[in-house]
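Chemist: need a structure here:
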Amino acid sequence: PCYLLAAPMLVRLMPGLEGLMSRSLPILWLLGLLVFPVKTFCEEPHPQQQEGRILVTELMFRPQAANKSGGGVAGTWFELWNPGPEPLPLDQLRVRDAGGRLFQGWPFADAVLAPGAFAVLAQSKEAQNDRPVPADYYFGESLTLDAAEGSLELYLGELLQDRVVWGGEGWPLCPLGYSLSLEPSVTDAAGNDTPEAWCLDTLPNPGLQGGYCDHDGDGFSESQGDCDDHDPTVGPGNFEECNGVDDDCSGHTDDLGELVPPYLCLTSGLCLGTKAVCLGKAGWGCPYPAGFEVDELSCDGADNDCDGFTDEALRNDCGGCFGAPDLCDGVDDDCDGVTDEDEPNPGLVQFCGVEPQGVCAQALPVCGSYGWYCPNIPLYQAEEDLCDALDNDCDGSTDETFEVGAPCTSGEGMCRRAGALECRPDGVGTVCVVEAAAGALELCGNQLDDDCDGGTDEGFSAGQSCTVGVGVCRTTGKWICTQDALGEICSAQPSFPGEELCDNGLDDDCDGYTDEASCTSDPAGSTASCAVGGTLKPPIFLLGLAASLLFAGLRRRARRHH
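Modeler: Residues are numbered from 1 along each chain as shown. Below is the predicted model of the structure:
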């Protein structure tokens, strides 16, 4: 039946055979026999589970003697151990070697491996010791184990219990007559896969628990008191050193007793009374006090480097310490010929409380004989009240209490012009900078201040009442501006004069006289009328018109003089 597994694999490996599958199955079986051995398909699988109920604990590759008469053991063998609390029936035990070969032939039908017990699986009966060994021996078919490299796998049924692979880097080469023995501390299947867990045993002891390994080769194993079996300088009887290590495996680190330190500490100056102590991994050391310096660097009146000298090469000609600042006090504190050169300027903000801007931009505190003082800053004002285009109070704003640049006007009437406020030359305020227009002749009736004197249409009576003519020719009107707006005339016109009538109390002929001698009686006794359309007397009419024009001219002349 295993061969049936080969046919699908052949089809996958040879795609051209897929079409022949249904009619050429016998041929495929034959090819499978030739190309793929039976072992390829029928060999039992290697399970991945590893339970560790039985372990390989000792391996003998090349015995020193071939029979009992040689005084040793003969034949290849290996040792098994049951580390668990339950007995293990060995009827299902199977063993494989590095080549995958399954060893059989051991009589396990009724064998049981008790808890903690050992069993030896040997090549032949010649492998049995000539001295009593508390273990069961099982002999089977030929067994060969290569000392250079190889492996063993133990199965109980289908479950892998232990796999040991030896050889390669770190594994010791087992000489003739030696065995590889597992350290007693390893109790699981994972722990016996590393070379550090196996020891070279000069006296093989099948059926007995092996001893601990001497990994560092110092002659002591862990069971013999070696507390660090990977360091040959650590072991029983070793000389205890100051290194933070228990060199003699006494259970105490650096237990030096009365051991004298290899060197002495400095004992002058600050180091007076200092003795060397063991500092563990750091070795011997001197616990010098705070302030100790390998080289004298601190000018403090103490022998910091413990050489018997104090502040050597650290003081100036004045007896002060080199590097001490020459402070602002009017004195050459370090005797170097320069006074007050070291103390840094405290700065305007820190010392004077003023920002270095505006009129204070270049100002700094001044060093004097009594220390630092604030400088006298021209034009500085704590509260700015000077209009001079400068930041007098050094707050970053200029003339902030004045409306410099604000719009303003100058002049009256038609002469008014717009400008901007600027500081006055004396700085006490602002002035509107603008050139006002020159005044012109005042015009009649435009409601404007033409001559820029603050008044409008002054000297004119436009809109007010006026009369012209005399007698019954007198009429009322209003003053109106002339066409060139330089003067004004009355809008009324006098009536036409009539004939002077007598005894009516009227100036009928509009000559300024009433009932003069030249009047004419009204035969009808009616009142004479000077109504428009009456009889004109040209001489009298011309006289009234001339009088009106003369009056208007006089008013115009008076305004011009005004």
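Chemist: C-alpha only now, for contacts and for neighbours.
Modeler: Noted.
Chemist: Between its first and last residues, what's the separation in stretch 94-111?
Modeler: As for stretch 94-111, its first-to-last residue distance stands at 13 Å under the measure C-alpha to C-alpha, to the nearest Å.
Chemist: Give me the contact list for that stretch.
Modeler: With C-alpha atoms under 8 Å, 6 or more residues apart in numbering as the test, stretch 94-111 has contacts from 89-93, 121, 138-141, 143, 145, 150-157.
Chemist: out of these, which are buried?
Modeler: Among these, those scoring as buried are 90, 93, 121, 138-139, 143, 145, 151-156 (criterion: 16 or more other C-alpha atoms under 10 Å).
Chemist: can you put the residues you listed in CSV and add pLDDT and distance to Y178?
Modeler: Supplementary listing: the buried ones among the contacts of stretch 94-111 in CSV, determined by pLDDT from 0 to 100; distance: C-alpha to C-alpha, whole Å:
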residue, pLDDT, distance to Y178
L90, 85, 28
L93, 86, 27
L121, 82, 17
Y138, 70, 21
F139, 62, 21
L143, 66, 18
L145, 82, 13
S151, 90, 18
L152, 90, 18
E153, 90, 22
L154, 90, 23
Y155, 90, 27
L156, 88, 29
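Chemist: Of those, which is the nearest to Q350?
Modeler: Taking C-alpha to C-alpha as the measure, Q350 lies nearest S151 of the buried ones among the contacts of stretch 94-111, at 84.9 Å.
Chemist: tell me which element the closest one is part of?
Modeler: strand 150-156 (DSSP states H and E).
Chemist: Can you spell out which helices and strands pack onto that strand?
Modeler: strand 93-97, strand 159-166 (3 or more C-alpha pairs under 8 Å, 6 or more residues apart in numbering; DSSP states H and E).
Chemist: Sheet-wise, list the partners of the next helix or strand after the first one with their directions.
Modeler: Going down the chain from strand 93-97, the next helix or strand is strand 102-103, by DSSP H and E. Take DSSP bridges as the rule and strand 102-103 pairs in its sheet with strand 93-97 (antiparallel).
Chemist: thinking in terms of the whole chain, how far from its middle is the strand it pairs with?
Modeler: The offset between the C-alpha centroid of strand 93-97 and the centroid of the whole chain comes to 64 Å, using C-alpha atoms, centre = their mean, to the nearest Å.
Chemist: before we move on, what about stretch 293-306?
Modeler: Averaged C-alpha coordinates place stretch 293-306 at 42 Å from its chain's average position (C-alpha atoms, centre = their mean).
Chemist: which outside residues touch stretch 465-481?
Modeler: Contacts of stretch 465-481 from elsewhere in the structure, counted by C-alpha under 8 Å, 6+ apart, are 444-445, 461-464, 487-497, 506-513, 529-531, 544-545, 548.
Chemist: Going through those, which ones are buried?
Modeler: 444-445, 461-462, 487-497, 506-511, 529-530, 544, 548.
Chemist: tell me which strands and helices whatever helix or strand L180 lives in is in contact with?
Modeler: Taking DSSP H and E as the criterion, the element that holds L180 is strand 179-182. Taking 3+ C-alpha pairs under 8 Å, 6+ apart as the contact definition, the neighbouring helices and strands of strand 179-182 are strand 55-60, strand 198-201.
Chemist: for the first one, packing partners?
Modeler: It refers to strand 55-60. Helices and strands in packing contact with strand 55-60 are listed as strand 77-81, strand 159-166, strand 179-182; criterion 3+ C-alpha pairs under 8 Å, 6+ apart.
Chemist: can you do 10 Å?
Modeler: Here strand 55-60 is seen to pack against strand 77-81, strand 118-122, strand 150-156, strand 159-166, strand 179-182, strand 198-201 when contacts are counted using 3 or more C-alpha pairs under 10 Å, 6 or more residues apart in numbering; DSSP states H and E.
Chemist: if we compare the helices and strands packed on strand 179-182, which one ends up closest to E383?
Modeler: strand 198-201 (95.5 Å).
Chemist: Quick check: which helices or strands does the following helix or strand past that closest one pack against?
Modeler: From strand 198-201 onward toward the C-terminus, using DSSP H and E, the following helix or strand is strand 277-278. Judged by 3+ C-alpha pairs under 10 Å, 6+ apart, the packing partners of strand 277-278 are strand 284-285.
Chemist: And for the helix or strand just after the strand it packs on, what's in contact with it?
Modeler: Sequence-wise, the next helix or strand downstream of strand 284-285 (DSSP H and E) is helix 348-352. Where contact means C-alpha atoms under 10 Å, 6 or more residues apart in numbering, the residues beyond helix 348-352 that reach it are 345-346, 354-356, 360-366, 372-375.
Chemist: Next step: these restricted to helices.
Modeler: Judged by DSSP state H, the contacts of helix 348-352 include no members of helices.
Chemist: from those residues, which two are the most distant?
Modeler: Among the contacts of helix 348-352, the pair separated by the greatest distance (C-alpha to C-alpha) is A361 and W372, at 18.4 Å.
Chemist: least reliable of the helices and strands packed on strand 55-60 going by mean pLDDT?
Modeler: Of all the helices and strands packed on strand 55-60, the segment with the smallest mean pLDDT is strand 118-122, scoring a mean of 84.
Chemist: In stretch 323-340, which residues are buried?
Modeler: With burial defined by 16+ other C-alpha under 10 Å, the residues of stretch 323-340 counted as buried are D326, L327, C328, D329, D332, D333, D334, T339, D340.
Chemist: Adding distance to S223, write the helices and strands packed on strand 150-156 out as a markdown table.
Modeler: A markdown table is the format used below for those (distance: least, C-alpha to C-alpha, whole Å):
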| stretch | distance to S223 |
| --- | --- |
| strand 93-97 | 32 |
| strand 159-166 | 24 |
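Chemist: Point out where the chain drops to low pLDDT.
Modeler: Scanning the chain for pLDDT under 70 picks out the ranges 1-50, 64-75, 104-107, 123-137, 139-143, 522-562.
Chemist: what do you get if the cut-off is 50, keeping everything else the same?
Modeler: 1-22, 25-26, 28-29, 32-49, 66-73, 130-131, 526-542, 554, 557-558, 560-562 (pLDDT under 50).
Chemist: Quick check: end-to-end length of stretch 483-503?
Modeler: For stretch 483-503, by C-alpha to C-alpha, the gap between its terminal residues amounts to 44 Å.
Chemist: ditto for stretch 404-416
Modeler: Counting by C-alpha to C-alpha, the length from the leading to the trailing residue of stretch 404-416 is 20 Å.
Chemist: Over to stretch 371-383?
Modeler: Here the two ends of stretch 371-383 are set 27 Å apart, with distance taken as C-alpha to C-alpha.
Chemist: Same check on stretch 485-502?
Modeler: 44 Å.
Chemist: Same question for stretch 88-98.
Modeler: With C-alpha to C-alpha applied, stretch 88-98 spans 25 Å between its terminal residues.
Chemist: And stretch 493-500, by the same measure?
Modeler: From the first residue to the last, stretch 493-500 extends over 20 Å; the measure is C-alpha to C-alpha.
Chemist: and it, how far out from the chain's middle?
Modeler: Between the mean C-alpha point of stretch 493-500 and the mean C-alpha point of its chain there is a distance of 111 Å (C-alpha atoms, centre = their mean).
Chemist: ok, now which ones touch C360?
Modeler: C360 is in contact with 348, 354, 375-380, 391-395, counting by C-alpha under 10 Å, 6+ apart.
Chemist: make it 8 Å
Modeler: Under the criterion of C-alpha under 8 Å, 6+ apart, the contact list for C360 reads V354, I377, Y380, C394.
Chemist: Deepest in the core, which of the helices and strands packed on strand 150-156 is it.
Modeler: Among those, the stretch with the highest mean neighbour count (mean count of other C-alpha atoms under 10 Å) is strand 159-166, at a mean of 21.
Chemist: Which elements pack onto that one?
Modeler: The helices and strands touching strand 159-166, judged by 3+ C-alpha pairs under 8 Å, 6+ apart, are strand 55-60, strand 150-156.
Chemist: nearest to S179, of those?
Modeler: Nearest of these (C-alpha to C-alpha): strand 55-60, 4.7 Å.
Chemist: who touches that closest one?
Modeler: When contacts are taken as C-alpha under 8 Å, 6+ apart, the neighbours of strand 55-60 outside the stretch itself are 76-83, 154, 161-162, 164, 177-182, 188-189, 204, 206, 210.
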